[in-house]
Structure formats: structure tokens, C-alpha cells
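Any chance you can model this:
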Amino acid sequence: MSVSPMAYEAQFFGFTPQTCVLRVYIAFQDYLFEIMQVVENVILKKLEAVPGCKVSPLRIRKCTEKFFVFMKEQFNKLFSNLETVLLQLVLSIPPNVLLPEDKVHEQYPYSKEQFQVLQGEVQELQRQCRAEAAAGQALRAELEEQKVVQAELEKILQWFAGLESICREHGTSSVKESFTFLTQNSKKLQDVLKDVEKKSRSVKKHHQL
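Now for the predicted structure:
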């Protein structure tokens, strides 16, 4: 039997031509075997009707088996020619015929080199898509960070707004003036503390004397 894959024919028929031929061969073999059984039974019945016949059923079986082997050899020779006709003339698609689903190849023919170029372009587009997906993920992560920072800034602004309200209640017009006032007072306090420490050391020395 032919070992050619005949993939295009399998695409069209839905089965490989070799499988079809094999099934036909097996069907003929089974039919031939059944015919031999029928012939054997007919011969036995005919011999039973002949008076004084000394031919045994075992001898009839051997004869039918020899005839079956002969018929099988002849059938294999004939089927070899039948297989060639089926595979080359009946179950084959001519090389100049395109299936409907392959008409696009006729409209857009590409050489091997052009196909390789297209494959390269597809791979490059895939790489760009992966890079854009990674960049998009990084942007989303950055937006999440910005949302956290914005929330913290809003809290700080609310705190300053509350501080400014308190400053107005205590007669200070703005937060800036309040910080200036606190800075000046803190310097005065530092000077007072230094003066107190200086006097305290003087008093200790006086008591020691």
C-alpha cells in the first residue's frame, strides 16, 4: 500500500485515501472468506446426496482452504492494480486544483523568503505588544502610587486648613505669620533659657565660696 501521506486529499475527504483503500481490501477479504464457507457447505450437501461417496468433510475443508489461498493470491495481484487506480485517479486531487478554503493562497501568493519576513514582522509585533503591556502595567502601578500620595497631600492640606483656622481664632492672619511668630518666640525662649542657666551657674559658684 502507498505510504504517501496525501495530506491534501485527507483535508478534502476527511480521511486518508490509504485508509479507504485498506477498508475496501479488508471488506473484499471478508467477503471472499464468506464465499468459501458457502461453497464448502454446498459441496458437502451435494456429496451427502451422492450414494456411496467416500469423500470426507476433512478433505473437503483442505480443498476449500487451498482454493481460498489461491483466490487470495489472485485477489492480492488484482487489488494491487485496483489500489493504484483508486489512489492515483479516484481519491487524488490534481496538483493544479485548490480547495475553497485555500483560495486565499492563490490570491496572496508568498515565497518562502516572504513568509519568513512576515514571520519576523509578526514576532516583532508580538514583542512590541508585550512591551506595551508591561509599560501599561507600570503606568497603572505608578497611578496607584500617585493616588496614595494625593491622599496624603489632601490630609496635609486639611491639617494646614485646620491650623490656619485656629490661627485666625487667635488673632493671626495667616499660617506664615504664625510660623514667624513661633520662630521669634522660640528664639526668645532660647535666650531666656541661656540667661537662666548662666545665672544658675553663678549662684552655684557663689554658694560654693
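
From residue 195, how far out is residue 201?
For residue 201, the distance to residue 195 equals 11 Å [CB to CB, to the nearest Å]. In this view, the C-beta of every residue, glycine as well, is placed from N, C-alpha and C.

Same question for residue 31.
Taken as CB to CB, the span from residue 31 to residue 195 is 129 Å.

chain center to the longest helix belonging to the chain: distance?
Looking across the chain with DSSP state H, the single longest helix is helix 112-169. A distance of 29 Å separates the centroid of the chain from that of helix 112-169, by CA atoms, centre = their mean, to the nearest Å.

Over to stretch 15-25?
34 Å.

Could you do stretch 191-203 as well?
Distance, centroid of stretch 191-203 to centroid of chain: 83 Å (CA atoms, centre = their mean).

how near is the residue nearest to the spatial centre of the chain to residue 95?
For the chain, residue 126 is the residue whose C-alpha lies nearest the centre (CA atoms, centre = their mean; 14.2 Å). To residue 95, residue 126 is 35 Å away according to CB to CB.

Could I get the full set of helices for this protein?
Using DSSP H, the helices of the chain run over 7-13, 17-48, 57-85, 103-107, 112-169, 175-208.

Residue 96 - how many residues pack around it?
Counted with other CB atoms under 10 Å, residues neighbouring residue 96 total 5.

same check, this time on residue 93
15.

start the count at 28, not 1, going forward
In the new count, where the first residue is 28, that last one comes out as residue 120.

Domain parsing of this structure, as residue ranges.
Annotated domains of the chain cover 34-123, 167-200, 201-235 [the TED database].

what's the span of the first one from first residue to last?
Going back to what we said before, that points to domain 34-123. End-to-end span of domain 34-123 (CA to CA, to the nearest Å): 15 Å.

rewinding a little: average pLDDT for the longest helix of the chain, rounded please.
Taken as a whole, helix 139-196 carries a mean pLDDT of 84.
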